[in-house]
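Enquirer: dropping a prediction and its sequence here:
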Amino acid sequence: MYKQALLILFSALSMLSATAQESVEKLFQSMPDDLLWLAQSQRKDLFAYFTDKKVDSIGNNLNGYCKIVDYNETTQHLSLNTSRKGNMELQILNPKSNPFAGVIFTACAPACYSTVSFYSFDWKPIDMQIPALSTSDFYANGLSDDDQATANRLLTPLFVRYTFQPGTNSILASCNAESFLSEADFKQLKPLLKSEMIRIVYQDGSWKIEK
């Protein structure tokens, strides 16, 4: 009985230690080249420069620059501008139990469109999806049928930008209508929209829209 208790305790401590040793920087450095067009040597230089407070940018393989926007090992979050119109976010999720990595790539031209993916720490894809959003998810409460029809027309096609809420198991979704609508159309649309971002939360092994 005593040996079994020690074994359980040792296993638990080993799991905690493995989680504690994982870092956002380490994950970033090990990210496969087909996910990020930035060579290993460039990634190491970027962090070395950033740590020394010399520069926060470095040239990439597309004749542009990559810039660290946010790096915090406490919240286990990294945000990197991959170009003038692109961004990559890396977040360690569910850190206390079965942690995994989340990656968001966003491109803006000018409306922003994001893709969200999840991986194990050795960069094997995890078959996990966030809920698909529709125009109605962004409607303000209590809209009439006519107002809903107007909101749907102005929000179509729907462009959604996703961002991690650092240090949490949450993703924030924002509508990008202002980026491509005329000033008059957005003025008509704005009162029909929710005032806050949509929050998507990881709970019990899946992603759910917070009500």
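Expert: Nice, I can see it.

Enquirer: elements contacting the host helix or strand of Leu78?
Expert: Under the criterion of DSSP states H and E, Leu78 resides in strand 77-81. Counting contacts by 3 or more Cβ pairs under 8 Å, 6 or more residues apart in numbering; DSSP states H and E, strand 77-81 packs against helix 24-30, strand 65-72, strand 86-93. Quick note: C-beta positions are derived from backbone N, CA and C, even for glycine.

Enquirer: show me what Leu90 is bridged to.
Expert: Listed beta-bridge partners, Leu90: Leu78, Val103 (assigned using DSSP bridges).

Enquirer: gap between it and Ala107?
Expert: In this structure, Leu90 and Ala107 are 17 Å apart, going by Cβ to Cβ, to the nearest Å.

Enquirer: of the two, which one has the most company?
Expert: Using other Cβ atoms under 10 Å as the criterion, Leu90 and Ala107 rank with Leu90 on top: 23 against 15.

Enquirer: shouldn't that one be in contact with Glu73?
Expert: No. Under the criterion of Cβ atoms under 8 Å, Leu90 is not in contact with Glu73, lying 11.7 Å apart.

Enquirer: can you list residues touching both of these two?
Expert: Val24 (Cβ atoms under 8 Å, 6 or more residues apart in numbering).
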